[in-house]
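>>> got a structure for you, letters missing:
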């Protein structure tokens, strides 16, 4: 059962600290792409008093908890997916527009070192499908001085999402010479994420991550990936952080 500690009001009076991280990251230009695109790597964390900043995996969606329990939390999740242009796929396949994804997450702190998390997001425009992630992280840390996390990921998607990026319609087949391909929903990828954080001084710190996904199921078998992309999906980023009251 969710509850609010009796001391919550007192805790809320403690000074609020903020840690802002900003830097570059390289991510697949679109799902299944063999190329990467440069995007901002942004992290904002807040904590009260001398509490440690809460752990956040570097690849999780933006969001914040609306419900909290002893070890459980849930709230909204927001993601974005880049545009797939015709020229990105030989000029012969359909374009998939830039997509804003809205949904939610649930997470559970199984032990002090192990966190479980699941997300689900719906595309608004662009692919218009559902995309989800199930993951776990093993976290080693010395309060806010340093942190290392590593864990597996499973990405799931519905028929509409899979069809947008990995399917070949009859019209696409006629233009491209590829065979028509109906990509069904299910597991889209499996992989893992490694994150590191090191505080250099009271104010300044540095963080980074590396992520690997291997396309699976209908996504991995797609002729779109075979002709214009790669089953191996790599991401990584580096950010400088500044903490202040």
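That came in fine, so what should we check first? Just so we're clear, the structure is a prediction, and the values are computed from it rather than from any experiment.
>>> hey, where'd the strands end up in the chain?
For the chain, the strands identified by DSSP state E occupy 16-28, 36-48, 62-63, 67-68, 72-81, 99-109, 114-124, 130-142, 146-157, 186-199, 204-215, 232-244, in order along the chain.
>>> Can you mark which positions in stretch 85-104 are buried?
Counting neighbours by 16 or more other C-beta atoms under 10 Å, one finds that the buried residues in stretch 85-104 are 88, 89, 92, 93, 96, 99, 101, 103, 104. In short, each C-beta sits where N, CA and C put it, glycine included.
>>> Just the closest of the residues you listed to residue 14, please.
Closest approach to residue 14 among the buried residues of stretch 85-104 (C-beta to C-beta): residue 104, at 28.4 Å.
>>> So that closest one sits against residue 119, correct?
Yes - contact between residue 104 and residue 119 holds when scored by C-beta atoms under 8 Å: they sit 7.3 Å apart.
>>> picking up where we left off before, would you check which pair of the buried residues of stretch 85-104 lies furthest apart?
Taking every pair in the buried residues of stretch 85-104 and measuring C-beta to C-beta, the maximum separation is 36.9 Å, between 92 and 104.
>>> could I get the strands of the chain as CSV with mean pLDDT and distance to residue 223?
Shown next, in CSV, are the strands of the chain (pLDDT from 0 to 100; distance: least, C-beta to C-beta, whole Å):
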stretch, mean pLDDT, distance to residue 223
strand 16-28, 96, 18
strand 36-48, 94, 22
strand 62-63, 92, 33
strand 67-68, 93, 43
strand 72-81, 96, 21
strand 99-109, 98, 22
strand 114-124, 98, 23
strand 130-142, 98, 21
strand 146-157, 98, 18
strand 186-199, 98, 16
strand 204-215, 98, 13
strand 232-244, 97, 17
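>>> residue contacts, the residue lying closest to residue 223 once chain neighbours are set aside?
The shortest distance from residue 223 to any non-neighbouring residue, by C-beta to C-beta, 6 or more residues apart in numbering, is to residue 178 (4.6 Å). The neighbourhood of residue 178, defined by C-beta atoms under 8 Å, 6 or more residues apart in numbering, consists of 168, 172, 223, 224, 227.
>>> can you give me the offset of stretch 82-102 from its chain's centre?
Using C-alpha atoms, centre = their mean, to the nearest Å, the distance from the centre of stretch 82-102 to the centre of the chain it belongs to is 19 Å.
>>> end-to-end on it?
Its start and end residues considered, stretch 82-102 measures 15 Å (C-alpha to C-alpha, to the nearest Å).
>>> Can you name the residues in contact with it?
Applying C-beta under 8 Å, 6+ apart, the set of residues contacting stretch 82-102 from outside is 27, 29-30, 33, 35, 37, 39, 61, 76-81, 121-128, 131, 164-165, 168-169, 171-172, 175-177, 224, 227-229.
>>> how about a cut-off of 7 Å?
Outside of stretch 82-102, the residues that reach it under the criterion C-beta atoms under 7 Å, 6 or more residues apart in numbering are 29-30, 33, 37, 78-81, 121-127, 131, 164-165, 169, 172, 175-176, 224, 228.
>>> What of stretch 37-51?
If you take C-beta under 7 Å, 6+ apart as the criterion, stretch 37-51 is touched by 11, 14-27, 29, 53-54, 56, 82, 207, 237, 239.
>>> Just the buried ones from these, in ChimeraX syntax?
Buried members of the contacts of stretch 37-51, defined by 16+ other C-beta under 10 Å, are picked up in ChimeraX with:
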select :17,19,21,23,25,26,27,29,53,56,82,207,237,239
